[in-house]
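> Need coordinates for the following:
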Amino acid sequence: MNTSSGLTLLRFTFGTVLLAHGWLKLSVFTIAGTVQFFGSLGLPPIIAYLVIFGEIAGGLALLFGLFTRLVAWLSLPIMLGSLWVHLGNGWLFSNANGGWEFPAVLVMLSIVIGLAGPGAFALDQSAWVRGLFAKDSEGHTGDSGLSNA
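Here you go, the predicted model:
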């Protein structure tokens with residue numbers, strides 16, 4: 001194993017956790033229940049929708065290694081919000097309502113993946129994805145599909 005393999009495992013782990021938590025909000029807590037819970041924290045309903053979307057879309061993107069660093073950085077506010085929610089519940093996540101240890105680990109996963117990148121077996125490494133963001137000789141990004149002919 002090497003660093004790239006380790007980063008891949010880290011990315012798969014974080015992606016799976018994000019996807020599982022997003023799916024939990026949809027299938028068990030329901031969207032309405034999630035909105036109500038966020039409201040009980042004093043947060044507007046839009047935050048609940050953004051978190052659900054961020055966890056599901058972000059989790060899938062991380063599993064495929066697509067826009068890995070961007071997704072990791074965009075998930076950081078969600079992870080910090082989770083940490084904030086659990087701060088008053090003690091350290092251990094096995095405490096009533098879950099302590100802050102697991103959210104703190106997720107915050108660190110987000111930061112490490114954001115800094116280090118996707119590792120191996122990531123769509124980020126494909127020529128197609130790299131081509132989307134490559135700059136041509138005139139400084140334009142991506143391929144518009146239009147020719148100059």
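
> Quick check: next helix or strand after the helix or strand harbouring Gly81?
Secondary structure assigned from DSSP states H and E places Gly81 in helix 68-86. Stepping forward along the backbone from helix 68-86, the first helix or strand reached (DSSP H and E) is helix 101-116.

> what comes into contact with that following helix?
Defining contact as Cβ atoms under 8 Å, 6 or more residues apart in numbering, one finds that helix 101-116 is touched by 7, 10-11, 13-14, 17, 62, 68-69, 72-73, 75-76, 79-80, 82-83, 85-86, 91-93. All C-beta atoms are positioned from the backbone trio N, CA, C, and that covers glycine.

> Buried only: go through those residues for me.
Buried residues within these, defined by neighbour count using 16 or more other Cβ atoms under 10 Å: 7, 10-11, 14, 17, 62, 68, 72, 75-76, 79, 82-83, 85-86, 93.

> pLDDT of the longest helix belonging to the chain, averaged?
Criterion DSSP state H: the longest helix present in the chain is helix 3-27. When the per-residue pLDDT values of helix 3-27 are averaged, the result is 96.

> Give me the contact list for that helix.
Under the criterion Cβ under 8 Å, 6+ apart, residues 31, 34, 48, 51-56, 58-63, 65, 68, 72, 75, 106, 109-110, 112-113, 116-122 lie in contact with helix 3-27.

> among those, which ones are buried?
Neighbour-count burial (16+ other Cβ under 10 Å) applied to these gives 34, 48, 51-52, 54-56, 58-59, 61-63, 65, 68, 72, 75, 106, 109-110, 113, 116-119, 122.

> if we can go back for a sec, what inclination does the longest helix of the chain have with respect to helix 101-116?
130 degrees (axes from the mean of the first three to the mean of the last three Cα atoms, to 10 degrees).

> Next secondary structure element downstream of helix 3-27?
Where DSSP H and E defines the elements, the next helix or strand beyond helix 3-27 is helix 31-40.

> first to last residue in stretch 19-33, what's the distance?
Counting by Cα to Cα, to the nearest Å, you get 18 Å between the two ends of stretch 19-33.

> Give me the neighbour count for Thr16.
Here the count is done by other Cβ atoms under 10 Å, and Thr16 has 13 residues near it.

> Check Arg130 too.
Counted with other Cβ under 10 Å, the neighbours of Arg130 add up to 11.

> Can you show me the CA trace of whichever strand or helix holds it as PDB?
When secondary structure is defined by DSSP H and E, Arg130 falls within helix 127-133. As requested, C-alpha coordinates have been extracted for helix 127-133 and formatted as PDB (Å, rounded to 0.1, in the frame of the first residue of the first chain):
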ATOM      1  CA  ALA A 127      -8.400  12.700 -19.000                       C
ATOM      2  CA  TRP A 128     -12.100  13.700 -19.600                       C
ATOM      3  CA  VAL A 129     -12.500  15.400 -16.200                       C
ATOM      4  CA  ARG A 130      -9.100  17.000 -16.400                       C
ATOM      5  CA  GLY A 131     -10.000  18.300 -19.900                       C
ATOM      6  CA  LEU A 132     -13.100  20.000 -18.500                       C
ATOM      7  CA  PHE A 133     -10.800  22.300 -16.500                       C
END
